[in-house]
Structures are given as C-alpha cells and as structure tokens.
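Enquirer: quick check, what structure comes out for this input:
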Amino acid sequence: MRVLREVAARGSISAAAQALGFSASAVSQQIATLEREVGIALVERGPSSIRLTEVGRTLARETEHMLAWLAGLEAEVRALAGLETGRLSLGAFATAGATIMSAAIATYSERYPGVELSFLEGDPEDCLPRLRSQDLDLVLTYEYDFVPLTGDEDLRRVPLLRDPIRLVIPENHPIAGEEVVSLADLRGESWIAEPRTDCRHFTSKVCAQAGLDVDVRYLSSDYRLSLALVAAGVAVALIPELALVAIPAGVAIRPIEGMSLVRRVDATHRADGERVPAVARMIETLRECASVYDGCVA
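Expert: Predicted coordinates for the structure are as follows:
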C-alpha cells in the first residue's frame with residue numbers, strides 16, 4: 001500500500017521506484033500482488049504512464065490515513081517504552097504503603113514525570129483481586145512465617161524485604177528489663193492480633209511453637225491502636241518493624257529468644273508484568289527504597 005501511494009503521487013512506476021529505492025520490476029510486482037489480494041485491478045497502464053482505477057484511488061486515499069495512524073501508534077509505543085507517558089496503578093497494605101511505597105512513588109515520579117501514578121491502600125485480600133482483573137498493575141503483599149500464601153500461576157512475586165517481627169510489651173512488665181524475651185514468660189497474658197485470619201493464625205502458631213495457649217482478647221488492624229493498648233498495660237503483641245515507626249511512651253520492644261520471625265514483603269504483578277517497562281522500573285525503584293531497611297532481600 002506504500003508502493004500504491006507512491007505510484008498515485010508520482011504517476012509512473014519508474015518515478016515511484018526511484019522514490020522508494022526499489023527497482024521498477026519490484027514496484028510492478030508489489031502492485032500485482034496487491035491486485036491479487038484485493039481481487040480487482042488497481043491501475044491502468046498506458047504506453048508511458050500509469051493511472052489508478054477508482055478502487056486504486058480509494059485505497060491510496062485510505063493509505064494516507066492508515067500510515068498516519070501507524071506513525072502515531074509507533075510514537076506512542078516508543079513513548080511508553082521510554083516511560084515518557086503512560087499510567088501505572090499501584091496497591092499496598094498500610095505499613096508498606098507508608099514506608100516503601102510512598103518513597104518509591106516520590107522517586108519514580110521524579111524520574112518519570114510523564115507516567116501517571118495512582119495508588120490504593122489495601123490488604124492483599126483487597127488488592128490481589130484487583131491485580132488479577134487488571135484494575136491494578138503492581139501491589140505489595142506479605143507472607144508471614146507459619147502462614148504460607150497459596151501459589152497463583154498467573155502472578156509473580158518479587159522479594160523486597162524481610163520485615164522482622166518484634167514482641168511488644170508494656171514498659172513496666174516484669175520481663176521488660178531483659179534484652180531478649182522468652183515467650184514462655186508470657187504465659188497467661190492477653191494478646192492483640194489482627195482480625196485477618198492469616199495474621200491471627202500467625203500469632204497463634206508462634207505461641208503454640210513456644211508451648212503457649214494464646215489468649216487473643218483484642219483484634220485490631222490499626223497498629224497505633226495496638227501500641228496504645230500495650231502502653232495501657234492490658235496486652236502484648238507481635239508487630240512487624242515497619243509498623244514500629246512512632247512508639248508511644250510505656251512500650252518496650254524486644255526480640256524473641258530462639259526465634260527469628262519475619263514477614264516477607266513482595267512486589268506482586270501479573271505474569272507478564274516485568275515485560276511492561278513501567279512495571280519493571282517500579283520494581284527496581286521499590287528494591288532501592290526497600291534497601292534502606294534492615295533485612296532487605298534484594
């Protein structure tokens with residue numbers, strides 16, 4: 001169709017061939033091939049010139065629109081590949097959103113100002129369905145020790161951080177003066193856990209490992225509330241370090257004797273995600289931002 005356009009514009013096979021850098025024979029063959037595909041004559045040849053039939057003129061006219069559209073599409077693809085423009089929808093649970101993701105959004109926006117970012121705060125159970133339905137492009141998820149996630153062949157997880165779990169107890173607790181605390185010394189205590197099943201099971205299984213029958217009296221997904229309850233002296237809790245940013249008075253944070261508990265934080269995307277430049281660059285940025293925390297995997 002490019003050849004047909006040149007023939008229409010220049011009025012002869014030889015002139016079209018010269019403009020395209022083809023031989024006259026090659027131009028004639030291209031026109032003949034197009035005529036076979038269309039099933040009707042596109043040109044009428046004279047002794048020293050050539051002119052298009054009505055169908056040929058229609059095709060040549062539409063070719064101008066088609067090539068202009070292709071040129072625009074090519075420019076758009078190049079811009080997306082170069083991250084000059086585009087959109088990227090992100091999701092993360094609260095503690096990762098307030099730390100790793102917020103820093104990554106700031107860094108990414110500075111590097112690629114043409115990419116429009118959006119963000120949804122939500123736990124994995126909220127974000128993963130949106131990731132599968134393509135409402136989100138990349139989300140931060142977590143996996144606790146003793147509570148493995150179910151595999152999903154349509155999704156890929158990229159490790160970002162091993163977030164240590166700490167024991168949080170009242171500052172006036174009898175064992176608060178010890179550098180490392182044994183869970184066995186917390187027999188009979190009331191516990192705080194998140195309402196989510198996986199998080200609550202984590203607390204139960206950790207205590208069971210230490211021979212404790214855990215008594216979960218308080219359920220909260222807000223770590224500020226959990227820390228306030230600990231400061232009030234009514235309960236103890238297992239809390240990830242990412243959530244221990246602002247510690248109220250009256251709270252002591254201790255490692256657990258004989259246990260190295262972690263919450264693994266991953267960047268999760270659809271199986272083809274890393275082939276999308278915007279997603280690949282965001283993963284790199286998230287790795288950078290996660291590296292400032294102890295225990296970084298990347």
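Enquirer: residues contacting the closest residue to residue 231 other than its chain neighbours?
Expert: In space, and not counting its chain neighbours, residue 231 is closest to residue 250: 3.7 Å by C-beta to C-beta, 6 or more residues apart in numbering. C-beta coordinates here come from the backbone N, C-alpha and C atoms, glycine included. Applying C-beta atoms under 8 Å, 6 or more residues apart in numbering, we find residue 250 in contact with 170, 171, 172, 230, 231, 232, 233.
Enquirer: what about residue 176, which SS state?
Expert: What DSSP: H, G, I helix; E, B strand; the rest coil gives for residue 176 is coil.
Enquirer: quick one: it from residue 251, how far?
Expert: Using C-beta to C-beta, to the nearest Å, residue 176 is found at 9 Å from residue 251.
Enquirer: and residue 37, by the same measure?
Expert: Taking C-beta to C-beta, one finds residue 37 at 77 Å from residue 251.
Enquirer: also residue 187?
Expert: 21 Å.
Enquirer: mind listing the strands for the stretch 101-250 of the chain?
Expert: Along the stretch 101-250 of the chain, the segments classed as strands by DSSP state E, counting those that start in this stretch run 115-121, 138-144, 155-170, 190-193, 215-219, 236-240.
Enquirer: quick check on residue 258: phi, psi?
Expert: phi 80, psi 10 (degrees, to the nearest 10).
Enquirer: name the nearest residue to it, ignoring sequence neighbours.
Expert: Using C-beta to C-beta, 6+ apart, the nearest residue to residue 258 is residue 182, at 7.5 Å.
Enquirer: the closest residue to residue 210 other than its chain neighbours: neighbour count?
Expert: Leaving aside its sequence neighbours, residue 210 sits nearest to residue 183 (C-beta to C-beta, 6+ apart; 3.7 Å). The local packing of residue 183 (other C-beta atoms under 10 Å) involves 21 other residues.
Enquirer: what's the pLDDT at the nearest residue to residue 289 once chain neighbours are set aside?
Expert: Once flanking residues are discounted, residue 289 sits nearest to residue 103: 4.1 Å by C-beta to C-beta, 6+ apart. pLDDT, residue 103: 97.
Enquirer: okay, now residue 103: neighbour count?
Expert: Neighbour count of residue 103, defined by other C-beta under 10 Å: 16.
Enquirer: repeat for residue 39
Expert: With other C-beta under 10 Å as criterion, residue 39 counts 7.
Enquirer: packing partners of the helix ranked longest in the chain?
Expert: Longest helix in the chain, counting residues (DSSP state H): helix 54-81. When contacts are defined as 3 or more C-beta pairs under 8 Å, 6 or more residues apart in numbering; DSSP states H and E, helix 54-81 sits against helix 2-10, helix 24-38, helix 277-290.
Enquirer: who does the shortest one touch, helix- and strand-wise?
Expert: Using 3+ C-beta pairs under 8 Å, 6+ apart, the elements in contact with helix 2-10 are helix 13-20, helix 24-38, strand 50-52, helix 54-81.
Enquirer: give me the buried positions along the longest one.
Expert: What that stands for is helix 54-81. Using 16 or more other C-beta atoms under 10 Å as the test for burial, helix 54-81 gives 56, 59, 60, 63, 80.
Enquirer: before we move on, back to that, okay, residue 187 and residue 251: which has more neighbours?
Expert: residue 251 (22 against 12).
Enquirer: quick check: bridge partners of the more buried one?
Expert: The partner list for residue 251 in beta bridges (DSSP bridges) reads residue 170.
Enquirer: shouldn't it be in contact with residue 226?
Expert: No. The pair residue 251 / residue 226 is not scored as a contact, 9.9 Å apart, by C-beta atoms under 8 Å.
Enquirer: find residues that contact each of these two.
Expert: Each of residue 168 lies in contact with both residue 251 and residue 226 under the rule C-beta under 8 Å, 6+ apart.
Enquirer: return stretch 267-284 as CSV; C-alpha atoms alone will do.
Expert: Extracted in CSV, the C-alpha atoms of stretch 267-284 (Å, rounded to 0.1, in the frame of the first residue of the first chain):
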residue,chain,number,x,y,z
ALA,A,267,6.2,-6.8,44.8
THR,A,268,3.4,-8.8,43.1
HIS,A,269,2.4,-8.4,39.5
ARG,A,270,0.8,-10.4,36.7
ALA,A,271,2.9,-13.0,34.9
ASP,A,272,3.7,-10.7,32.0
GLY,A,273,4.3,-7.6,34.2
GLU,A,274,8.1,-7.4,34.1
ARG,A,275,7.9,-7.1,30.3
VAL,A,276,6.0,-3.8,30.8
PRO,A,277,8.6,-1.1,31.1
ALA,A,278,6.6,1.0,33.7
VAL,A,279,6.2,-2.1,35.9
ALA,A,280,9.9,-3.2,35.6
ARG,A,281,11.1,0.3,36.5
MET,A,282,8.8,0.5,39.5
ILE,A,283,10.1,-2.9,40.8
GLU,A,284,13.7,-1.5,40.5
